[in-house]
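> Make a model of this:
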Amino acid sequence: SKPASKQKSFLQRVDQFLTKLQNPKEQRNGYLYLQGNYAPVSQEHTNVPVEVVSGKIPPGLDGIFIRNGPNPDVTLSNQKNYHWFDGAAMLHSLRLRNGQAFYTNQFVPSAR
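Numbers count the residues shown, from 1 in each chain. Down below sits the predicted model:
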């Protein structure tokens with residue numbers, strides 16, 4: 001059997017070939033899930049007060065909404081086709097307490 005380094009080298013060449021065929025620069029250009037509210041986030045925030053735009057939050061409402069979502073690695077931009085599994089996951093939370101709302105986000109730790 002061949003050493004792992006040669007197998008990896010072969011797989012890297014296959015990946016490069018497929019990437020060229022997919023034309024990732026064009027595929028990422030204008031992609032809905034890479035812009036606006038879906039754009040990658042690079043900073044973490046902790047307990048940032050959220051402005052209530054209309055009405056008010058009932059003071060008895062106490063809880064937290066947590067969303068786990070993809071956070072594409074922007075360093076891969078235009079190098080590969082976009083995929084949700086590229087980059088690190090990020091948790092977003094909205095905490096409601098005493099008529100106020102607070103936002104926190106955090107990268108999910110991973111070996112990658």
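> Which stretches in the protein count as helices?
With DSSP state H as the criterion, the chain has helices at 4-22, 24-28.
> For stretch 65-74, list every residue counted as buried.
70-72 (16 or more other CB atoms under 10 Å). C-beta here means a position set from N, CA and C on the backbone, and glycine is covered the same way.
> Same check on stretch 36-55?
Within stretch 36-55, the residues scored as buried using 16+ other CB under 10 Å are P40.
> Can you dump the C-alpha atoms of that stretch in PDB for me?
The C-alpha trace of stretch 36-55 is given here as PDB (Å, rounded to 0.1, in the frame of the first residue of the first chain):
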ATOM      1  CA  GLY A  36     -26.900  40.200   4.200                       C
ATOM      2  CA  ASN A  37     -28.200  38.500   7.300                       C
ATOM      3  CA  TYR A  38     -26.600  35.300   6.100                       C
ATOM      4  CA  ALA A  39     -23.100  36.800   5.500                       C
ATOM      5  CA  PRO A  40     -20.200  35.200   7.500                       C
ATOM      6  CA  VAL A  41     -19.600  36.700  10.900                       C
ATOM      7  CA  SER A  42     -16.000  37.200  12.100                       C
ATOM      8  CA  GLN A  43     -16.500  38.600  15.600                       C
ATOM      9  CA  GLU A  44     -18.000  37.100  18.700                       C
ATOM     10  CA  HIS A  45     -20.400  39.300  20.900                       C
ATOM     11  CA  THR A  46     -21.500  38.800  24.500                       C
ATOM     12  CA  ASN A  47     -24.700  40.100  25.900                       C
ATOM     13  CA  VAL A  48     -25.200  43.000  23.500                       C
ATOM     14  CA  PRO A  49     -28.400  44.900  24.200                       C
ATOM     15  CA  VAL A  50     -30.900  44.500  21.300                       C
ATOM     16  CA  GLU A  51     -33.100  47.500  20.400                       C
ATOM     17  CA  VAL A  52     -36.800  46.800  20.400                       C
ATOM     18  CA  VAL A  53     -38.000  48.300  17.200                       C
ATOM     19  CA  SER A  54     -41.800  48.100  17.700                       C
ATOM     20  CA  GLY A  55     -43.900  47.500  20.900                       C
END
